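A.B. asks: Below are the sequence and a predicted model for it; my questions follow.
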Amino acid sequence: MRMKTFVNYASLTQRERQKITGAAIIPRPIAWISTRNLNGSINVAPFSFFVMLSPSMLVVSFTKGDTKSKDSFVNIHRTKEAVVNIGDTHLVEAIDNTSQPLDYNESELSLVNLNMLDSQLVDVPFIQEALVSFEVVLHDEMLLDDDGKHSNVVVLKIVGSHINKDIYNEEKGYVTINSPISRLAGAAFGASTPLTYTRKFTK
């Protein structure tokens, strides 16, 4: 039998909690979000506190700094729209590079070689190199207080998607991403591969 260590979260700092929670709840998908800055430039940044809530609803949590909210949240709060891009292992360097902190109204596109295309329903472009890009509008938001550390949590409603033709089976409606990227513990990224196990039932 494996021995266990009990850790009381009341005795930990947020940084110490992150080391445990972030390392245990893996892999986490990455929302590579493009938004429009106040000066019209495009902000692009990755976030791994991200989950699918329903077939058309996504949730992203933006950890708030000591003095200000994340630029992506500021833009979403102001414009009520964004694009959630989904990358794969081939884009890991670009995804990581866009995580660098820049002053507000400075675009991460100056750090990477990416192409942006106009969306259909929102006034924010999507990343051409991404496998799937979801055009989203703000559905709801809340300020989460986690023992004094705040996060801006948003629910985003998908209104349309751009999908690479080579991964989309239009007849069956399936999307197949063969080399998805995820966040692991600390600064590590991960790549997922299918298990040999196959479900014995389908729905």
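C.D. replies: Alright, I've got the coordinates. Numbers count the residues shown, from 1 in each chain.
A.B. asks: correct me, but residue 7 touches residue 24?
C.D. replies: No. Using Cβ atoms under 8 Å, residue 7 is not in contact with residue 24, being 11.1 Å away. Any C-beta I mention is one placed from the backbone N, CA and C, and that applies to glycine too.
A.B. asks: The two: who's more crowded?
C.D. replies: Applying other Cβ atoms under 10 Å to residue 7 and residue 24 shows that residue 7 carries more neighbours, namely 11 against 8.
A.B. asks: need the contact list for the more buried one.
C.D. replies: Residue 7 is in contact with residue 20, counting by Cβ atoms under 8 Å, 6 or more residues apart in numbering.
A.B. asks: which SS state does residue 93 fall under?
C.D. replies: Here residue 93 is recorded as helix under DSSP: H, G, I helix; E, B strand; the rest coil.
A.B. asks: Pull the number of nearby residues for it.
C.D. replies: Other residues close to residue 93 by other Cβ under 10 Å number 12.
A.B. asks: do the same with residue 22
C.D. replies: The tally of other residues near residue 22 (other Cβ under 10 Å) stands at 16.
A.B. asks: was I right about it contacting residue 188?
C.D. replies: No. Assessed by Cβ under 8 Å, residue 22 is found out of contact with residue 188, at 10.1 Å.
A.B. asks: Can you check the pLDDT for the closest residue to residue 49 other than its chain neighbours?
C.D. replies: Distances taken as Cβ to Cβ, 6 or more residues apart in numbering put residue 61 closest to residue 49, at 3.8 Å, once the chain neighbours are dropped. Note on residue 61: pLDDT of 96.
A.B. asks: Distance of residue 61 relative to residue 171?
C.D. replies: Separation of residue 61 from residue 171 (Cβ to Cβ, to the nearest Å): 36 Å.
A.B. asks: Compare these two (neighbour count), which wins?
C.D. replies: residue 61 (20 against 6).
A.B. asks: Longest helix in this structure, please.
C.D. replies: Counting residues, the longest helix found in the chain (DSSP state H) is helix 14-24.
A.B. asks: what pLDDT, on average, does the following helix or strand past that helix get?
C.D. replies: Where DSSP states H and E defines the elements, the next helix or strand beyond helix 14-24 is strand 28-29. Per-residue pLDDT values over strand 28-29 give a mean of 92.
A.B. asks: May I see the buried residues of the next helix or strand after strand 28-29?
C.D. replies: Downstream of strand 28-29, the first helix or strand assigned by DSSP H and E is strand 31-36. Going by neighbour count (16 or more other Cβ atoms under 10 Å), the buried part of strand 31-36 is 31-36.
A.B. asks: could I get those as TSV with distance to residue 48?
C.D. replies: Shown next, in TSV, are the buried residues of strand 31-36 (distance: Cβ to Cβ, whole Å):
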residue	distance to residue 48
31	8
32	10
33	11
34	16
35	17
36	22
